[in-house]
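>>> Here's my sequence, what's the structure:
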Amino acid sequence: MDGATYQGIALDGDAALALLEWQMEMGADVPVMDEPVDRFDLPARVAAPDLPPIAVQATPAIPPIPTEADDRAERLSQAEALAAGAGSLAELAEVQERFDGIELKKGARNFCFADGNPKARVLILGEAPGDEEDRQGRPFVGRAGRLLDQMFGAIGMARDAADAEKAIYITNVLTWRPPGNRDPHADEIQTSLPFIRRHIQLADPDVIVLMGNIACQAALEKRGILRLRGQWTQAFGRPALPMTHPAYLLRNPAAKREAWSDLLSLSARLESLSV
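As a prediction, the model looks like this:
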């Protein structure tokens, strides 16, 4: 800053720097040119040109996360469609075995569809396969199954009878064994119902025997087999008789007397339907 002047007075560099610092301390923040500038006379800012509006893309809607209820409804809809499309028992067995809407399928050994004479006048609806049924792929083949055969043999009926009048046809609410022989869950029963209904339509029995609580829950939406047993009702549009399950009779032999009474009632009902 050598040779600087202030109001005509020559200043050396140190004096000019000190004077500048003093002016800044006094609040000066705009330099003054040699000639005055009329800032009100400055040209106006040039207006920005009109630009086309920017198109804003709509954020795509996020689909809702499927709920457990949605999943149940979807599985039930699939079961209904598959069951309705089956024109024979063989076709029903095929589509039901392929159906993946019941998780029990993943842990079971075999699919247990039915046993006995499909032309029989009596259809027995049991609960679910046990260990022995799971091994053989047939319902009612364990201890309870052997007692079942003895019970119906006492009134002249059998699963291997060729004559439809003396035959029985056996199936279960569930075709896959629940782990540990636990009771089927309500969701599993509900998903199985379309197949049960179609099974009964195709077999076309005169009478249905509801063996145990689970069969009554599926067919009547009721439980309490000791209260329901022996009382004729309607299930799937047909006469139905609730009876105690043979597994219960094995644990409670004294209840066999009531089971015998129910078998006699069944025999009399079949006789009356034949007239």
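>>> Show me the helices in the stretch 51-200 of the chain, by range?
Using DSSP state H, counting those that start in this stretch, the helices of the stretch 51-200 of the chain run over 68-85, 89-98, 131-136, 143-153, 186-203.
>>> and the ones you listed as TSV, adding mean pLDDT, distance to Arg159 and mean neighbour count?
In short, each C-beta sits where N, CA and C put it, glycine included. Listed next are the helices of the stretch 51-200 of the chain as TSV, based on pLDDT from 0 to 100; distance: least, Cβ to Cβ, whole Å; neighbours: other Cβ atoms under 10 Å:
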stretch	mean pLDDT	distance to Arg159	mean neighbour count
helix 68-85	92	24	14
helix 89-98	98	15	16
helix 131-136	96	13	18
helix 143-153	97	7	18
helix 186-203	97	13	19
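>>> how about the ones you listed in CSV, adding distance to Ala18?
Converted to CSV, these look like this (distance: least, Cβ to Cβ, whole Å):
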stretch, distance to Ala18
helix 68-85, 82
helix 89-98, 98
helix 131-136, 104
helix 143-153, 113
helix 186-203, 91
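>>> Could you say which one of those comes nearest to His245?
Closest approach to His245 among those (Cβ to Cβ): helix 143-153, 6.9 Å.
>>> which ones are touching Asp115?
Each residue near Asp115 by Cβ atoms under 8 Å, 6 or more residues apart in numbering is listed here: Arg138, Pro139, Phe140, Val141, Arg159, Tyr169, Ile170, Thr171.
>>> Name the member of these with the most neighbours.
Phe140 (30 neighbours; other Cβ atoms under 10 Å).
>>> And that residue, how far from Ala167?
14 Å (Cβ to Cβ, to the nearest Å).
>>> before we move on, what about Arg197?
In terms of Cβ to Cβ, Arg197 sits 22 Å off from Ala167.
>>> For Gly116, give the beta-bridge partners.
Tyr169 (DSSP bridges).
>>> where along the stretch 151-275 of the chain do the strands fall?
Secondary structure of the stretch 151-275 of the chain (DSSP state E, counting those that start in this stretch): strands at 168-172, 207-211, 233-235, 238-243.
>>> strands paired with the third one, and their directions?
This points to strand 233-235. strand 238-243 (antiparallel).
>>> residues touching Thr244, list them.
Applying Cβ under 8 Å, 6+ apart, the residues near Thr244 are Met211, Gly212, Ile225, Leu226, Arg229, Ala255, Glu258, Ala259, Asp262.
>>> Derive a PyMOL selection command for the buried subset of these.
If you want just the buried ones from the contacts of Thr244 in PyMOL, going by 16 or more other Cβ atoms under 10 Å, the selection is:
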select buried, resi 211+212+225+229+258+259+262
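>>> That'll do, ta.
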